[in-house]
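Engineer: just coords:
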Ligand SMILES: Nc1nc2c(ncn2[C@@H]2O[C@H](COP(=O)(O)OP(=O)(O)OP(=O)(O)O)[C@@H](O)[C@H]2O)c(=O)[nH]1
C-alpha cells in the first residue's frame with residue numbers, strides 16, 4: 001500500500017466534502033452543524049498535510065505540535081456539531097469543562113512534541129476519547145433511524161478503538177519509531193483512520209436531513225393550537241394500537257367543551273383559542289404518557305386510555321371534569337367558567353372495531369350533554 005497516495009486521496013475527498021458542507025451551511029445558515037463539520041474537514045486536511053511534511057525540513061513545532069492539534073480539533077468539531085442532534089444539554093458549566101479538557105490536551109501536546117513517540121500516544125488517546133464522546137452523544141440522539149445512528153455510532157467506536165491500538169503500538173515499539181514517531185506496523189491503523197474519517201465526513205450530513213424530515217413529520221401530525229395529535233394522526237395511532245394490542249383492554253373517550261359557542265361570542269375568538277389550548281394542556285397533564293390523546297375537531301378531543309378497567313376509567317374521567325371546572329375559571333383575565341362533557345366506551349380491540357367504538361363514545365357524549373353537561377357517560381359496546 002502506497003501511503004502517500006492514500007493520504008493524498010483522503011485529503012482530496014475531505015477537501016471536497018468540507019467545501020460541500022460549507023456550501024450547505026451557506027444555503028442553510030441556521031444549521032450551524034454544517035459549518036462546524038466543514039471546519040472539521042478543514043482541520044483534518046491541514047493537519048494531515050502538515051503530517052505529510054514531516055520528512056521535509058520544516059520546524060517540528062508545525063509538523064508535530066500544530067499538526068496534532070489540528071488533527072484533534074477535527075473530531076472535536078464533529079462532536080460540537082453532533083450536540084444539536086442529541087438530548088444532551090450544553091450548559092455553561094459543561095462548556096467550561098470542555099474548554100478546560102481541550103486546554104489540558106493542547107498543553108500536554110505542547111510539552112510532549114519534542115518527543116514524537118509520546119506526542120503520537122497522547123494525540124491518539126485524545127482523538128480516541130473524543131470519538132467515544134461522539135458515540136455517546138449519538139446514543140442520546142433525537143434521530144429515530146436506528147440503522148443510520150447505529151452505523152455512525154459503530155464507526156465512532158471503531159475509530160476510537162483504532163486510536164487506542166495505535167497508542168499501544170507506539171508504546172510496544174518504543175525503540176523502533178520512525179520519523180513520524182510511529183512504528184512501521186502502524187501503517188494499517190493510519191490507513192483505517194483516514195478511511196474512517198472520510199466515511200464519517202460523508203455520512204454526517206444525513207443527520208441534518210433526517211432531523212429536518214423528523215421536524216416536518218412532527219409538524220404534519222400535530223395540531224397547531226394545542227400541540228396535541230391532530231385528527232388524522234390520532235386515528236392512525238388508534239389503528240396502530242388496535243393492530244399491536246388486540247387483547248389489552250382500553251377506554252375510548254370523547255371529550256367536548258360545554259357551551260363553547262357562548263365563550264367565543266362573549267369573550268372573542270382569541271380567548272376561545274386560549275381556552276381550547278388550556279383544556280388540552282390540562283387533559284394531557286392528567287393522562288398517562290402512554291395514553292393517546294388528540295384534538296379531533298374545534299373544541300372536541302378524543303383519548304384512548306390504555307390497559308384500564310371500566311371502574312378506574314370512570315374515576316379518571318370524573319377527575320378530568322372536576323379539574324377543568326376547578327382550574328379553568330379564568331382565561332387571560334376573562335371570567336370564563338369552562339366545563340367539559342365526556343362520553344366513553346370500554347373496548348378490547350380484538351372484540352370491538354374502532355369505528356364502532358368511536359360512534360358509541362360519541363353517542364355517550366351526546367347523552368352527557370343531554371344530562372346537563374359537566375358529566376361522564378359510559379356507553380355499552382357489543383362485540384364485533
Ligand atoms: N375560538 C375557537 N373556536 C372554535 C374553534 N373551533 C371551533 N370553534 C367554535 O366552537 C363552537 C362550538 O359550538 P357548538 O358545537 O355549537 O357547541 P357548544 O356551544 O360548545 O355547545 P355544546 O357542545 O352543546 O355544549 C363554535 O362556535 C365554533 O365556531 C377554534 O379553533 N377556536
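Structural biologist: Perfect, I can see it now. What you are looking at is a predicted structure, and each value in this text was computed from that prediction instead of being measured. Numbers count the residues shown, from 1 in each chain.
Engineer: what's the neighbour count on the nearest residue to residue 259 once chain neighbours are set aside?
Structural biologist: Nearest residue to residue 259 in three dimensions, chain neighbours excluded: residue 373, at 7.3 Å (C-beta to C-beta, 6 or more residues apart in numbering). C-beta coordinates here come from the backbone N, C-alpha and C atoms, glycine included. Residue 373 sits with 15 neighbouring residues when counted by other C-beta atoms under 10 Å.
Engineer: Go ahead and confirm residue 373 touches residue 338.
Structural biologist: No: using C-beta atoms under 8 Å, residue 373 makes no contact with residue 338, being 11.0 Å away.
Engineer: Which neighbours do those two have in common?
Structural biologist: In terms of C-beta atoms under 8 Å, 6 or more residues apart in numbering, residue 373 and residue 338 are both contacted by the residues residue 258.
Engineer: contact partners of the helix or strand hosting residue 270?
Structural biologist: Secondary structure assignment for residue 270, by DSSP states H and E: helix 269-286. Here helix 269-286 makes contact (C-beta under 8 Å, 6+ apart) with 225-228, 255, 257, 260, 263-264, 293, 295, 298-299, 301, 303, 316, 319-320, 323-324, 327-328, 331-332, 334, 336, 338, 340.
Engineer: which ones among those are found in helices?
Structural biologist: 260, 263-264, 316, 319-320, 323-324, 327 (DSSP state H).
Engineer: filter the residues you listed to the buried ones?
Structural biologist: Those of the ones in helices among the contacts of helix 269-286 that meet the buried threshold are 260, 263-264, 316, 320, 324, by 16 or more other C-beta atoms under 10 Å.
Engineer: need the contact list for the residue nearest the centre of the chain.
Structural biologist: The chain has residue 142 as the residue nearest its centroid, 1.1 Å off, counting by C-alpha atoms, centre = their mean. When contacts are counted by C-beta under 8 Å, 6+ apart, residue 142 touches 85-87, 211, 214.
Engineer: What of residue 253?
Structural biologist: Residues near residue 253 by C-beta under 8 Å, 6+ apart: 302-305, 313, 317, 342-344, 361.
Engineer: and it, what are its bridge partners?
Structural biologist: residue 303, residue 344 (DSSP bridges).
Engineer: Residue 345 versus that one, what's the distance?
Structural biologist: 8 Å (C-beta to C-beta, to the nearest Å).
Engineer: what touches both of these two?
Structural biologist: Shared contacts of residue 253 and residue 345, defined by C-beta under 8 Å, 6+ apart, comprise residue 361.
Engineer: Would you mind listing what in the protein touches the ligand?
Structural biologist: When proximity is defined as C-beta under 6 Å from any ligand atom, the chain approaches the ligand at 256-261, 264, 269, 272-273, 276, 298-299, 369, 373.
Engineer: now the helices: where do they sit in the stretch 51-200 of the chain?
Structural biologist: Along the stretch 51-200 of the chain, the stretches classed as helices by DSSP state H, counting those that start in this stretch are 60, 67-82, 92-112, 116-139, 146-172, 187-221.
Engineer: now stretch 26-35, how far from the chain's geometric center?
Structural biologist: Distance of stretch 26-35 from the chain centroid (C-alpha atoms, centre = their mean, to the nearest Å) equals 18 Å.
Engineer: So which bits of that stretch are buried?
Structural biologist: Buried residues in stretch 26-35, counted by 16+ other C-beta under 10 Å: 31, 33-35.
Engineer: Stretch 36-50 now?
Structural biologist: Neighbour-count burial for stretch 36-50, with 16+ other C-beta under 10 Å as criterion, is recorded at 36-50.
Engineer: And those residues, which is closest to the ligand?
Structural biologist: The ligand has its nearest neighbour among the buried residues of stretch 36-50 in residue 36, at 41.3 Å by C-beta to the nearest ligand atom.
Engineer: Report the contact partners of that closest one.
Structural biologist: By C-beta under 8 Å, 6+ apart, residue 36 lies in contact with 77-78, 80-81.
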